[in-house]
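Student: What follows is a predicted protein model with its sequence.
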Amino acid sequence: MKKVTIEIPEGKALKFKDGAYVLVDDNIMERIKTFDDACREVTGKSEKEWLAENETKSMDKDVLAYLKMRIIVAALNEGWKPTFKEYESRYYPYYYAYTKSEWESLSASGRKDLKPLVCLVGGDSNNGSVSGPFSVYSYGAWSYAYSNVGARLAFKTAELARYAGKQFFDIFKDFYYNFE
């Protein structure tokens, strides 16, 4: 067997795709800017092909958003999956919870300026760090919500969670709120 050595330019990575090695941007956030990009990365199909194959027309908006989020998370995590073991950190984008009337009162530019926060989940700590989006533990406040295990839509870094929350805001919004 022959051995081949190649130099990979700065900022690029070698990826096996469609039966050949190709150079791609090393930073996944440079490669995944749209749901179509994520779809191609994970399924090898365009968004349009994926939508046609999955008969999404009859799905509720939040269900379709969840399926899209799974693809986005898989693409951005580049193969990393949470194992839910002790001391593993996982990150989620989350947002301030608005009522429908509050949301409608925001201007279009105000909506675009919303910055997703990042919820760190995992580890061996209590009182807030072991919950998923919209389930952050509050004690002694006007509300009480608690979840002992985070959801599977987890990111491996805070940077990826923040990026996904901003870049794919409309998809996350459709999942969490299902506002028209």
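Tutor: That came in fine, so what should we check first? Residues are numbered from 1 along each chain as shown.
Student: which outside residues touch the longest helix anywhere in the chain?
Tutor: When the chain is parsed with DSSP state H, its longest helix is helix 61-77. Identification of contacts with helix 61-77 by C-beta atoms under 8 Å, 6 or more residues apart in numbering yields 28-29, 32, 35, 37-39, 41-43, 50, 54, 56, 59, 153-156, 160, 163-164, 168, 171-172, 174-176, 178. C-beta here means a position set from N, CA and C on the backbone, and glycine is covered the same way.
Student: ChimeraX command to pick out the buried ones of these?
Tutor: To isolate the buried ones among the contacts of helix 61-77 in ChimeraX, judged by 16 or more other C-beta atoms under 10 Å, type:
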select :28,32,35,37,38,39,41,42,43,50,153,154,155,156,160,163,164,168,171,172,174,175,176
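Student: May I see the buried residues of the longest helix of the chain?
Tutor: Judged by neighbour count using 16+ other C-beta under 10 Å, the buried positions of helix 61-77 are 61, 64-65, 67-69, 71-77.
Student: Can you name the next helix or strand after it?
Tutor: For helix 61-77, the succeeding helix or strand toward the C-terminus, using DSSP states H and E, is strand 89-94.
Student: so how far is residue 33 from the residue nearest the centre of the chain?
Tutor: In the chain, the residue lying closest to the centroid (C-alpha atoms, centre = their mean) is residue 73, at 4.1 Å. Computed with C-beta to C-beta, to the nearest Å, the distance linking residue 73 and residue 33 is 15 Å.
Student: likewise residue 84?
Tutor: Taking C-beta to C-beta, one finds residue 84 at 30 Å from residue 33.
Student: next one: residue 8
Tutor: For residue 8 relative to residue 33 (C-beta to C-beta), the value is 22 Å.
Student: For the chain, which segments are assigned as helices?
Tutor: Using DSSP H, the helices of the chain run over 28-31, 35-43, 47-53, 61-77, 100-105, 108-112, 158-167, 169-176.
Student: Okay then, goodbye and thanks.
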